[in-house]
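# fold the following, please.
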Amino acid sequence: MSTLHDRLASAIHLREAKNVEEARQLLLELHSEFPEDPQVNYGSKLLCAWLHDLLGLEREAIPFCVKAIQTGLSAEDLKSALHRRISKIQRRRYPSLPARHPLLF
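Now for the predicted structure:
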């Protein structure tokens, strides 16, 4: 049987290979099996939030973001998560701007 670390690594690999829904399902399984594990709360919550957001499930991403922050999200990861969120909002508000426009982070 795979270790928790192996399963988290598999989820990251699936995400990087653009198998977003498979990665999401694996992370949700891990969270249901290990709801209080710090590694799962940090790793899977942040990835779950990102994957839900990527799939257009922004509202479903919110609890994962909150839990990631509550379980010790580093300042750098918080900065990155906020950056992605702000960028997405700006792209929706200003869809005609080029991707590298100064108004977009």
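# need the next SSE after the worst-scoring helix or strand of the chain on mean pLDDT, C-terminal direction.
For the chain, counting by mean pLDDT, DSSP states H and E, helix 38-54 ranks last in confidence among helices and strands (a mean of 69). Using DSSP states H and E, the helix or strand that follows helix 38-54 in sequence is helix 58-70.
# buried sites along that next one?
Neighbour counts over helix 58-70 (16 or more other Cβ atoms under 10 Å) mark 61, 64-65, 67-68 as buried. The way it works is simple: take the backbone N, C-alpha and C, and place the C-beta from them, glycine included.
# give me the mean pLDDT for it.
The pLDDT scores in helix 58-70 average 79.
# so which elements touch it?
Where contact means 3 or more Cβ pairs under 8 Å, 6 or more residues apart in numbering; DSSP states H and E, helix 58-70 is packed against helix 38-54, helix 75-93.
# from the contact counts, what lies against the helix or strand encompassing residue 30?
When elements are assigned from DSSP H and E, residue 30 belongs to helix 20-33. Judged by 3+ Cβ pairs under 8 Å, 6+ apart, the packing partners of helix 20-33 are helix 4-16, helix 38-54.
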